[in-house]
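> Quick check, what structure comes out for this input:
(one chain, ligands or ions: 1)
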Amino acid sequence: MSMWNPWRGCKKCSEGCLHCYIHKGDDKRGINTSDIVKTKDFYKPVERLKNGNYKMKAGMVYLCFSTDFLIEEADAWRKECWAMIKERRDCRFLFLTKRIERFSDCVPDDWGDGYENVVVCCTVETQKKADERLSLFKSLPIKHKCITVQPLLERINIEPYLDDIELVVVGGESDKNARVFDYDWALDLREQCIRKHVSFEFRQCGTHFVKDGKEYKLQTKDLCAQARKAGIDYIVQR
Ligand code: SF4
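Here you go, the predicted model:
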């Protein structure tokens, strides 16, 4: 598994961005997150060792996890990224986006029905965003589609949008002022996935976690472990 952040910085664009961990981390270091700048890792996938092999190993590559791959400010740079993605067919590039409405304007000319080595995760947090983004996502030519529902802010129904989805990831919000996350909402999404035979992963609890009507305050360090402990993941073998 590798990380590739060809640029850094992002702009809040949705309710789910309120407690964005990128902004929080940058604030602590005195960095302005709204400045979208190329990083020294821009050409990371095609850098080579002295022996001619690629430095970056084959396998999964998490792309733009400190920004949004489809952000407008990076439009001039994305073409080169697609060329590197195309060259590295031995890697599988996965990116999350809250800007799926920009997708068709951001793909390369030869995208066709999608590159086999690209996984796109559309992120939603409320029913309104799910209806807006997932109805569009459903129609897009992408070979591998996932949905990230994090932070989940209310009970939502995404079942009409689950055809062709490989995985749904669900999680709560992590912040001292986090909005409430009700375990029942996650269980509800799990049921939707099971009915549609789609893999489901409960990635993290929320800081303000409600279960059976009781509210708990969880430590950030425990959020993922608590979700794993719930043991409610549902994996479809493909
Ligand atoms: S889109 Fe993602 S990275 Fe960008 S501000 Fe929102 S939460 Fe943060």
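
> lowest confidence element among the helices and strands of this protein?
helix 21-29 (a mean of 93; mean pLDDT, DSSP states H and E).

> Just the buried residues of that one, please?
Neighbour counts over helix 21-29 (16 or more other C-beta atoms under 10 Å) mark 22-23, 26 as buried. C-beta: built from backbone N, CA, C; applies to glycine.

> what's the answer for stretch 173-183, then?
Buried residues in stretch 173-183 (16+ other C-beta under 10 Å): 173-175, 178-179, 181-183.

> what's across from the residue nearest the centre of the chain in the sheet?
Centroid-nearest residue in the chain: Leu96, 3.1 Å away (criterion: C-alpha atoms, centre = their mean). Taking DSSP bridges as the rule, Leu96 bridges to Cys121.

> Would you confirm that Glu72 contacts Glu101?
No - if you go by C-beta atoms under 8 Å, Glu72 and Glu101 don't touch, sitting 11.1 Å apart.

> so what's in contact with the two at the same time?
Shared contacts of Glu72 and Glu101, defined by C-beta atoms under 8 Å, 6 or more residues apart in numbering, are not found at any residue.

> Which parts of this structure are helices?
21-29, 75-87, 103-106, 127-129, 135-139, 183-196, 223-230 (DSSP state H).

> Buried residues in the third one, which are they?
The neighbour-count check on helix 103-106 (16+ other C-beta under 10 Å) flags 103, 106 as buried.

> Likewise for the longest one?
Judged by neighbour count using 16+ other C-beta under 10 Å, the buried positions of helix 183-196 are 183, 185-186, 188-190, 192-193, 196.

> And the residue nearest to Lys11 when sequence neighbours are not counted, how far from Ala186?
Spatially, and ignoring its direct neighbours in sequence, Lys11 is nearest to Ser34 (5.5 Å; C-beta to C-beta, 6 or more residues apart in numbering). Note on Ser34: its distance to Ala186, by C-beta to C-beta, to the nearest Å, is 32 Å.

> now Ile232
On the measure of C-beta to C-beta, Ile232 and Ala186 end up 7 Å apart.

> Mutual contacts of these two, please.
Each of Phe202 lies in contact with both Ile232 and Ala186 under the rule C-beta under 8 Å, 6+ apart.

> Domain ranges for the chain, per the record?
What the record gives for the chain is the domain set 1-120, 150-238, from automatic domain parsing.

> Wondering if the last one reaches the ligand at all.
No - applying C-beta under 6 Å from any ligand atom, one finds that domain 150-238 is not in contact with the ligand, the shortest distance being 9.1 Å.

> Run the chain-centre distance for that domain.
Here domain 150-238 is found 14 Å from its chain centre; the criterion is C-alpha atoms, centre = their mean, to the nearest Å.

> This structure: strands as residue ranges?
2-4, 7-8, 37-38, 59-63, 91-97, 118-124, 144-149, 165-171, 181-182, 199-204, 208-211, 214-217 (DSSP state E).

> Deepest-packed of these, please.
Ranked by mean neighbour count, these are led by strand 181-182 with a mean of 25 (mean count of other C-beta atoms under 10 Å).

> Direction included, what does that strand pair up with?
Partners of strand 181-182, by DSSP bridges, with direction: strand 208-211 (parallel).

> Okay then, goodbye and thanks.
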